[in-house]
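Peer 1: Curious how this folds, go ahead:
(one chain, ligands or ions: 2)
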Amino acid sequence: MEDELTFEDLDLSPEVMASLKKMGVKRPTTIQQKAIPLLMDNMSVIAKAPTGTGKTFAFGIPILEYLNMDVKFVQALIMSPTRELALQITSELKGLARNIKGFRVASLIGGQSMNVQKEKLAKKPQVIVATPGRLLDMVGRKFVDISQIYTLVLDEADEMLKMGFIRDIRQIMALTPKDKQIALFSATMPREIQDITWQFMEGAAEIDVMPKAEDHPDIDEYMLECPEKDKIGTIMRIMAKEDLKKVIVFCNTKDQTSKVGARLAANGLSAQVLHGDIGQGTRNRVMDAYRANKFDVLVATDVIARGIDVDDIEAVFNFDIPKENELYLHRIGRTARAGRSGMAFSLVAYKDRDRMDEIIRYTRSDPKPYEL
Ligand code: ADP
Ligand code: MG
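Peer 2: Numbers count the residues shown, from 1 in each chain. Ligands and ions are numbered 1, 2, ... in the order given. Just a heads-up that it's a prediction; the model follows:
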């Protein structure tokens with residue numbers, strides 16, 4: 001058996017140790033045990049790790065341990081593919097830094113007022129969490145200077161690639177110091193991400209975290225053959241049978257989320273809809289209300305399939321079967337967070353059968369038939 005490191009073994013500051021204690025975090029996850037010592041040694045790291053294994057603290061802790069509170073420039077830049085994930089990382093960092101006096105973090109994301117973001121920058125944050133488009137826009141207007149950073153984090157790098165941010169990432173590489181530390185996290189390592197690592201991360205340490213029993217979320221996966229027109233009724237029946245109070249229903253398109261949300265509401269469920277065309281203010285309010293258990297069913301597109309962490313989601317429904325295999329894993333990974341268990345239900349209409357078969361082959365999942 002491998003030696004397990006504790007947080008004490010990692011030589012963390014009393015401030016960070018106190019925050020971890022306050023948050024009830026006791027033992028580092030595998031990715032944290034592997035990445036934190038390397039990142040604290042100023043190594044660059046290429047980490048392949050499944051979702052839900054604690055990557056935010058894996059890069060967040062070393063950043064906080066090495067902040068220089070005496071200088072005024074941006075020292076760490078964290079890139080996120082989506083706005084929601086950027087806000088979540090920001091709030092996790094604030095929690096982790098609650099005992100560090102003078103710590104400031106700013107999020108720069110699309111859909112928010114530039115003036116508000118300029119005000120945050122005026123306070124000289126040491127850390128910035130950003131989505132690529134907005135960051136480059138603000139760098140271009142000289143609102144923010146990233147030319148002196150020590151550390152660049154690329155979180156969910158494969159997703160940034162899919163969203164067409166690969167040129168933006170190259171540009172960010174060029175605008176930041178050549179000798180910076182880079183921490184790249186990705187659930188998969190497609191060719192384009194490997195190109196980035198070869199070009200910009202020579203000599204980086206590679207970490208490959210296998211899904212491990214204690215890190216692997218405990219998700220009971222089910223599939224049901226279900227005619228398209230019966231999918232709403234099926235969700236209602238499963239929710240009643242399993243007594244579910246907090247679920248996500250994933251759809252493939254924005255239109256579909258609106259239709260499904262309206263039909264669930266018409267059937268007496270409290271449901272809210274979230275997709276990429278909804279204004280950022282509303283998106284934030286919906287996510288906050290969902291976290292606070294103000295409604296039961298979040299109907300969403302894949303804007304929130306990745307990275308988003310809400311502790312106590314009981315089940316995920318695939319109303320539409322995802323068009324990409326990996327999305328299946330990301331969607332079901334929204335449940336069973338932080339050591340809880342969860343359920344995932346895929347509603348398979350006749351037209352979805354081939355797609356579902358391919359997902360099962362690719363992801364090596366084994367969803368069981370569900371008897372209603
Ligand atoms: P990932 O980025 O790998 O998907 P996150 O960083 O979002 O995972 O972490 C998932 C959840 O696990 C969060 O709620 C986080 O607070 C919690 N968490 C992180 N590290 C630990 C730990 N060492 N012990 C217990 N919970 C943890
Ligand atoms: Mg993450």
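Peer 1: When you work out contacts or count neighbours from here on, use the C-alpha atoms and nothing else.
Peer 2: OK.
Peer 1: so what's Ala349 up against?
Peer 2: Residues counted as contacts of Ala349 (C-alpha atoms under 8 Å, 6 or more residues apart in numbering) are 225-228.
Peer 1: Mind listing what's buried along the lowest-mean-pLDDT helix or strand in the chain?
Peer 2: For the chain, counting by mean pLDDT, DSSP states H and E, helix 325-332 ranks last in confidence among helices and strands (a mean of 85). Neighbour-count burial for helix 325-332, counted by 16 or more other C-alpha atoms under 10 Å, picks out 325, 327-332.
Peer 1: can these go into TSV with extra columns for distance to ligand 1?
Peer 2: Output for the buried residues of helix 325-332, formatted as TSV (distance: C-alpha to the nearest ligand atom, whole Å):
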residue	distance to ligand 1
Asn325	18
Leu327	14
Tyr328	14
Leu329	11
His330	9
Arg331	12
Ile332	12
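Peer 1: Isn't Pro367 up against Glu225?
Peer 2: No: contact criterion C-alpha atoms under 8 Å: Pro367 and Glu225 do not qualify, at 12.0 Å.
Peer 1: Overlap of the contact sets of these two?
Peer 2: In contact with both Pro367 and Glu225: no residue, using C-alpha under 8 Å, 6+ apart.
Peer 1: what does the chain put close to ligand 1?
Peer 2: By C-alpha under 6 Å from any ligand atom, the residues of the chain that approach ligand 1 are 25-29, 51-57, 307, 309, 337-338.
Peer 1: Next step: the residues you listed restricted to helices.
Peer 2: 55-57 (DSSP state H).
Peer 1: Where does the prediction get shaky in the protein?
Peer 2: 1-3, 210-217, 306-307, 337-339 (pLDDT under 70).
Peer 1: before we move on, the earlier item: counting only strands, which of the contacts of Ala349 make the cut?
Peer 2: Mapping these onto strands (DSSP state E) picks out Glu225.
Peer 1: Just the buried ones out of the contacts of Ala349, please.
Peer 2: Looks like the contacts of Ala349 have Cys226 buried, using 16+ other C-alpha under 10 Å.
Peer 1: residue ranges of the helices in the stretch 151-300 of the chain, please?
Peer 2: Remark: helices assigned in the stretch 151-300 of the chain by DSSP state H, counting those that start in this stretch are 157-162, 166-175, 191-200, 231-242, 254-266, 280-291.
Peer 1: As a markdown table, the ones you listed with mean neighbour count would be great.
Peer 2: Below are the helices of the stretch 151-300 of the chain laid out as a markdown table (neighbours: other C-alpha atoms under 10 Å):
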| stretch | mean neighbour count |
| --- | --- |
| helix 157-162 | 20 |
| helix 166-175 | 16 |
| helix 191-200 | 14 |
| helix 231-242 | 15 |
| helix 254-266 | 17 |
| helix 280-291 | 15 |
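Peer 1: mind listing what's buried in stretch 27-34?
Peer 2: 28-34.
Peer 1: what does that stretch contact?
Peer 2: By C-alpha under 8 Å, 6+ apart, stretch 27-34 touches 4-7, 49, 53-55, 57-58, 207, 209, 215.
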